[in-house]
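> Pasting the sequence and the predicted coordinates here, then a few questions.
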Amino acid sequence: MRMYDIIAKKRDGFELTKEEIDFVVHGYTKGDIPDYQVSSLLMAIYFQGMTEKERSELTLAMVESGEIIDLSPIHGIKVDKHSTGGVGDTTTLILAPLVASCGVPVAKMSGRGLGHTGGTIDKLESIPGFHVELTEEEFIRQVNERKVAVIGQTGNLTPADKKLYSLRDVTATVNSIPLIASSIMSKKIAAGADAIVLDVKCGSGAFMKSAEEAKTLAKAMVSIGNRVGRKTIALITDMSQPLGKAVGNALEVKEAIETLRGNGPKDLTELCLTLGSYMVVLAEKAASPEEARAMLEENIANGKAFETFLSFVEAQGGDKSVCENVERLPEAKKKIELTAKKSGFITGIAADEIGISAMMLGAGRTTKDSTIDLSAGIVLHKKAGDEIKEGEPLLTIHTNKLEVESVIEKLYDSIHIENTKADIPPLIYEVIT
Ligand code: URA
Ligand code: CA
């Protein structure tokens with residue numbers, strides 16, 4: 001087989017075979033095929049696309065390029081959730097214990113934050129003592145005993161994706177639906193999930209800016225998942241404004257606890273109940289999303305969801321008394337309240353700008369190795385659609401930085417107040433099955 005012929009075949013719009021795709025992925029991972037030939041193929045894929053069959057073959061080839069986590073010692077159907085990333089997206093912290101409280105095993109591998117989106121692990125580490133370094137044996141035992149565990153990225157999962165992604169990053173080929181879909185799905189499948197619920201976000205704070213693009217990506221991922229034998233469902237959800245009210249690590253832990261206790265922001269609660277319902281259905285613990293939702297609501301009301309969270313925190317070395325008294329979470333020295341400069345309706349809160357502001361306040365990493373301030377972030381007091389009067393609190397900045405004038409200016413620019421009410425995007429656009 002010659003790489004030259006494979007490039008020419010894709011350039012001319014033909015479908016590649018499984019053997020050809022395996023040849024490229026394995027050859028590139030081993031270092032046998034040079035970057036310039038793979039770049040050329042990626043560009044041909046960018047223009048010609050890939051069939052559904054090619055996409056699932058590519059996904060499986062990337063899965064097989066490295067280690068695959070074996071979750072079979074865990075009893076029950078393991079359902080994973082994946083979000084394409086957003087600002088103030090606290091859902092994993094809530095969903096993991098909430099769904100686990102219904103008897104669904106949650107064996108989750110999570111990442112750290114980079115840039116304007118936060119990572120679940122950083123958030124959890126703002127609970128004193130909490131750690132994510134479990135051995136595989138400890139991880140599996142904890143899920144069997146307590147139904148939920150979260151670990152950091154371990155092992156050598158999907159090395160082909162890492163190498164291809166780096167190449168795409170410098171050859172203007174990131175933005176291709178088949179390549180994005182197979183990249184995301186390969187990681188979920190290698191992490192051992194039996195079934196997958198995808199939260200595909202759209203809006204200013206998301207990778208996909210429009211609902212149309214998000215839908216195309218969601219359909220591509222659902223098709224790959226189902227073709228390779230993992231039941232997959234996707235929700236298209238809004239990321240034009242931050243999710244919930246808190247953005248920042250310890251602030252989001254507090255928000256997650258409030259939500260698990262039934263006092264969370266409306267949008268965050270609704271999204272968790274909807275995503276959670278599909279997770280419970282895919283795990284075959286309920287026959288319909290409606291039945292699943294009732295189970296989740298009951299476990300918030302009767303305290304089981306929060307108890308499961310405490311049990312999970314305790315098992316991973318975290319101080320659970322801090323979760324019962326959230327004022328003991330890391331706290332920033334400076335709190336600055338910004339008030340509205342005029343009266344009117346909030347027509348939009350630019351999620352990306354809020355995320356970047358939180359990062360500038362210390363909550364996020366600018367590079368992979370920078371340290372973060374777990375106490376820093378932003379708490380919104382109003383959301384898009386709300387009415388506000390001049391002088392009323394808009395948001396509070398939490399920071400230990402000395403100079404925040406430029407962030408304050410940026411925050412004022414990112415919140416739009418108009419005289420008349422505008423249409424606000426729906427929280428959930430669509431469910432793709
Ligand atoms: N996220 C991924 O994991 N892969 C992509 O290709 C794009 C976004
Ligand atoms: Ca939030």
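Structure received. Ligands and ions are numbered 1, 2, ... in the order given.
> What's the mean pLDDT across stretch 386-396?
For stretch 386-396, mean pLDDT rounds to 98.
> Tell me which residues are up against that stretch.
Around stretch 386-396, the neighbours that count as contacts under CB atoms under 8 Å, 6 or more residues apart in numbering are 335-346, 378-382, 411, 415, 417, 421. Every C-beta, even on glycine, is put in place using the N, C-alpha and C of the backbone.
> Go again with 10 Å.
Contacting residues not belonging to stretch 386-396 are listed as 245-247, 251, 332, 335-346, 349, 354, 357, 377-382, 411-412, 414-415, 417, 421, 424 [CB atoms under 10 Å, 6 or more residues apart in numbering].
> buried sites along it?
386, 388, 394-396 (16 or more other CB atoms under 10 Å).
> Give me the distance between the two termini of it.
Terminal residues of stretch 386-396 lie 17 Å apart, using CA to CA, to the nearest Å.
> quick one: it to chain centroid distance?
Here stretch 386-396 is found 29 Å from its chain centre; the criterion is CA atoms, centre = their mean, to the nearest Å.
> and what of stretch 12-28?
Taking the mean of its C-alpha atoms, stretch 12-28 sits 30 Å from the chain's own mean (CA atoms, centre = their mean).
> for that stretch, what is the average pLDDT?
Per-residue pLDDT over stretch 12-28 has a mean of 98.
> Check stretch 176-190 too.
Confidence over stretch 176-190 (mean pLDDT, whole number) is 96.
> Residues of the stretch 151-300 of the chain that sit close to ligand 2?
Proximity of the stretch 151-300 of the chain to ligand 2, by CB under 5 Å from the ion, involves residues 243-244, 246.
> Nearest spatial neighbour of I184, chain-adjacent residues omitted?
Setting aside the residues directly before and after it, I184 is nearest to M221 in space (CB to CB, 6 or more residues apart in numbering), at 6.2 Å.
> wait, what's in contact with K368?
Contacts for K368 (CB under 10 Å, 6+ apart) come out as 112, 114.
> Of all residues in the protein, which one is closest to ligand 1?
Across the chain, the shortest distance to ligand 1 (CB to the nearest ligand atom) belongs to S183, at 3.4 Å.
> Bridged to the most centrally placed residue in the chain, which residues?
Centroid-nearest residue in the chain: S83, 3.1 Å away (criterion: CA atoms, centre = their mean). Partner residues in beta bridges with S83: D199, with DSSP bridges as the criterion.
> right, and it touches T92 too?
Yes - contact status for S83 versus T92: in contact at 7.5 Å, counting by CB atoms under 10 Å.
> So for those two, which residues contact both of them?
When contacts are counted by CB under 10 Å, 6+ apart, the set common to S83 and T92 consists of 120, 199, 275.
> Tell me how many other residues crowd the last one.
Put plainly, it is L275. L275 has 26 neighbours, counted by other CB atoms under 10 Å.
> which secondary structure element contains it?
Secondary structure assigned from DSSP states H and E places L275 in helix 266-282.
> Alpha carbons of that helix, as CSV, please.
Taking C-alpha atoms only, helix 266-282 is exported to CSV below (Å, rounded to 0.1, in the frame of the first residue of the first chain):
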residue,chain,number,x,y,z
LYS,A,266,-32.5,27.3,36.9
ASP,A,267,-30.6,26.7,33.7
LEU,A,268,-27.9,24.5,35.3
THR,A,269,-30.5,22.5,37.1
GLU,A,270,-32.6,22.0,34.0
LEU,A,271,-29.6,20.9,31.9
CYS,A,272,-28.4,18.4,34.6
LEU,A,273,-31.9,16.9,34.8
THR,A,274,-32.1,16.6,31.1
LEU,A,275,-28.7,15.1,30.5
GLY,A,276,-29.1,13.0,33.6
SER,A,277,-32.4,11.6,32.3
TYR,A,278,-30.8,10.3,29.1
MET,A,279,-27.9,8.8,31.1
VAL,A,280,-30.3,6.9,33.3
VAL,A,281,-32.2,5.7,30.3
LEU,A,282,-29.1,4.5,28.5
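> chain center to that helix: distance?
Counting by CA atoms, centre = their mean, helix 266-282 comes out at 14 Å from the chain centroid.
> again, but for stretch 258-267
For stretch 258-267, the gap between its own C-alpha mean and the chain's C-alpha mean amounts to 19 Å (CA atoms, centre = their mean).
> now stretch 212-223
Taking the mean C-alpha point of stretch 212-223 and that of its whole chain, the gap between them comes to 16 Å (CA atoms, centre = their mean).
> and that stretch, which residues are buried?
213-223.
> mean confidence for that stretch?
Summarised as a single mean, pLDDT over stretch 212-223 is 97.
> Can I get that stretch in CSV, CA atoms only?
Backbone C-alpha positions of stretch 212-223 (Å, rounded to 0.1, in the frame of the first residue of the first chain) are rendered in CSV as follows:
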residue,chain,number,x,y,z
GLU,A,212,-26.7,24.3,12.7
GLU,A,213,-23.0,23.5,12.9
ALA,A,214,-23.5,21.9,16.4
LYS,A,215,-26.2,19.8,15.0
THR,A,216,-24.1,18.5,12.1
LEU,A,217,-21.3,17.6,14.6
ALA,A,218,-23.8,16.0,16.9
LYS,A,219,-25.2,13.8,14.2
ALA,A,220,-21.7,12.8,13.1
MET,A,221,-20.8,11.7,16.6
VAL,A,222,-24.1,9.9,17.3
SER,A,223,-23.6,8.0,14.0
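> Grab the nearest non-local neighbour of L16.
Going by CB to CB, 6+ apart, L16 has E54 as its nearest residue, at 5.6 Å.
> what does V38 give?
Distances taken as CB to CB, 6+ apart place Y28 nearest to V38, at 5.2 Å, with adjacent residues excluded.
> Backbone dihedrals for that neighbour, both of them.
Backbone geometry at Y28, expressed as degrees, to the nearest 10, gives phi -70, psi -40.
> quick one, what contacts it?
For Y28, the contact set (CB under 10 Å, 6+ apart) comprises 3, 34-35, 37-38, 41, 61, 65, 159-160, 163-164, 167.
> need these in a markdown table with secondary structure, can you?
Listed next are the contacts of Y28 as a markdown table, based on DSSP: H, G, I helix; E, B strand; the rest coil:
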| residue | secondary structure |
| --- | --- |
| M3 | helix |
| P34 | coil |
| D35 | helix |
| Q37 | helix |
| V38 | helix |
| L41 | helix |
| A61 | helix |
| S65 | coil |
| P159 | helix |
| A160 | helix |
| K163 | helix |
| L164 | helix |
| L167 | helix |
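> Drop anything exposed from those residues.
In the contacts of Y28, the ones that pass as buried (16+ other CB under 10 Å) are 3, 37-38, 41, 61, 65, 160, 163-164, 167.
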